[in-house]
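>>> Compute the structure for the input listed below.
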Amino acid sequence: MRTLLLLAAALPTVGAIGQTITSADAPAPGDQYTYVIASWVDVPQTGGNQTWDMSGAIPNGAMEYSTFATVAATTGGGSFASADVAQVTPTANAFMDAPGNGLYIIGSYDIQNAVTIQYTNTAKVMQFPCSNGTTWTDPWSYSATIQGTTYTMNGTYTYNANGYGSVILPWGTLNNVLRLQSTEQSTQTGGGSTLVTTILRAAFFRPGTPIAIGGSITYEYELDGTVVQTGEQSYYLQQGQVGVNELTSNAIGVDVMPNPATDAATVVFGAEGDVQLNLVDLSGRTILTQKLQTLAPGIHTQTIDVSGLASGSYMVNVTNTRGERGTRTLIVD
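The predicted structure is shown next:
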């Protein structure tokens, strides 16, 4: 059974109107995050300019740890050469592919039983780009033999990015977040039994992290037609950990295509209001500045000419008059 926080909240991460999640926010080796598990708090509001109050979530003493590592360095990684990154937990390692249009779980390794699980239909846990109004539904499946019994799992993920605003965590407030609502339904058969799992999530995301900054979950397990377990909980990123400080400032999701670029590059970003785009070299010198007209909320593109630039790395910075910013590295060939 997969961990409840795996990327759909955990990951996954990985924006709201003006805070678009892009492929730049996919997890990378070396990312490490810690969740505080707490009492359930209802966060039902949808729509724009909402405030979700999770300040009353009471920690229950449990923690969940999420570490992303290179595939080659992760147990079981030899079976997933096409994966871009591995998510390592104490019980299982999940292997993920980020081809540009989303983040997919392609398989996992069950540490306790030393079993490799190859998905026959991969599970899409994030869409790129993702902003308010983005929806997707993705069926997934796999089968595996554990201790002599073959289990078949079929499920569906349904996602709806349906709100943006601020979330109040027990340790402080984060602005410009996206509410991503999801339903996970799965049916596991094997050993003469059928286990049906339903998990409902409301998770909050911002650019700059591959996993949710917090959220709430309710779940139900039904074995052979009888409900055997129900529960609910909230979770949020631990205060002061690596990544949280970046979340409070890196509020605009930015991507660049193609990257590397030769003649021109298209900057894709989610922002609203008066926006400025700067191209900066590694010495800190601003090479190009473009002030854009007042933008409506949503995803926007801007093409920049790089044909006259020397080969090397540059930073694309997008800012607005509210102090929000986003950054993406551009390589010029």
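
>>> Give me the below-cutoff pLDDT ranges for the stretch 1-150 of the chain.
Under the criterion pLDDT under 70, the flagged ranges of the stretch 1-150 of the chain are 1-19.

>>> Would you state the helices of it in chain order?
With DSSP state H, counting those that start in this stretch, there are no helices along the stretch 1-150 of the chain.

>>> same question, the stretch 151-300 of the chain
Counting by DSSP H, counting those that start in this stretch, the helices of the stretch 151-300 of the chain are 244-247.

>>> which stretches of it have low pLDDT?
Using pLDDT under 70, the stretch 151-300 of the chain drops low at 240-251.

>>> ok, 80 please
175-176, 207-210, 239-255, 270-272, 282-284, 293, 297-299 (pLDDT under 80).

>>> now residue 307, nearest residue through space, not along the chain?
Nearest residue to residue 307, sequence neighbours excluded (CB to CB, 6 or more residues apart in numbering): residue 263, at 4.6 Å. In short, each C-beta sits where N, CA and C put it, glycine included.

>>> Run a quick neighbour tally on the one you found.
Using other CB atoms under 10 Å, residue 263 is surrounded by 11 other residues.

>>> which residues does it contact?
Applying CB atoms under 8 Å, 6 or more residues apart in numbering to residue 263 gives the contacts 305, 306, 307.

>>> any chance of these in CSV, with neighbour count and distance to residue 193 too?
Output for those, formatted as CSV (neighbours: other CB atoms under 10 Å; distance: CB to CB, whole Å):
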residue, neighbour count, distance to residue 193
305, 12, 62
306, 23, 59
307, 9, 63
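
>>> quick one: which of the residues you listed sit in strands?
residue 305 (DSSP state E).

>>> Including pLDDT, could the contacts of residue 263 go into CSV?
Below are those laid out as CSV (pLDDT from 0 to 100):
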residue, pLDDT
305, 93
306, 93
307, 92
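
>>> Going by distance to residue 25, which of the contacts of residue 263 wins?
residue 306 (23.1 Å; CB to CB).

>>> Can you read off the backbone torsions of that closest one?
Main-chain torsions, residue 306, degrees, to the nearest 10: phi -120, psi 10.

>>> What separation is there between it and residue 313?
Residue 306 sits 12 Å away from residue 313, going by CB to CB, to the nearest Å.

>>> between those two, what contacts are shared?
330, 332.

>>> returning to what we had before: and which of the contacts of residue 263 is nearest to residue 55?
Set against residue 55, the nearest of these by CB to CB is residue 306 (45.8 Å).

>>> residues in contact with the closest one?
Going by CB under 8 Å, 6+ apart, the list of residues near residue 306 reads 261, 262, 263, 264, 265, 279, 314, 330, 332.

>>> again, only this time at 10 Å
Residues near residue 306 by CB atoms under 10 Å, 6 or more residues apart in numbering: 256, 260-265, 279, 287-288, 314, 330-333.

>>> so residue 145 touches residue 190, yeah?
Yes. Shown here, residue 145 and residue 190 form a contact pair, counting by CB atoms under 10 Å, at 8.9 Å.

>>> Tell me the buried residues within the contacts of residue 306.
256, 261, 265, 279, 314, 330, 332 (16 or more other CB atoms under 10 Å).

>>> and of those, the nearest to residue 157?
For these, the nearest to residue 157 is residue 256 (28.1 Å; CB to CB).

>>> just checking, what packs against the lengthiest strand in the chain?
Using DSSP E to define each element, the chain has its longest strand at strand 149-169. If contacts are counted by 3 or more CB pairs under 10 Å, 6 or more residues apart in numbering; DSSP states H and E, strand 149-169 sits against strand 47-53, strand 115-127, strand 135-146, strand 172-190, strand 193-205, strand 214-223, strand 226-237.

>>> still on that earlier bit, now, which of the buried ones among the contacts of residue 306 lie within strands?
Using DSSP E, the buried ones among the contacts of residue 306 in strands are 256, 265, 279, 314, 330, 332.

>>> just to revisit the earlier point, between residue 145 and residue 190, tell me which one has more neighbours.
residue 190 (16 against 12).
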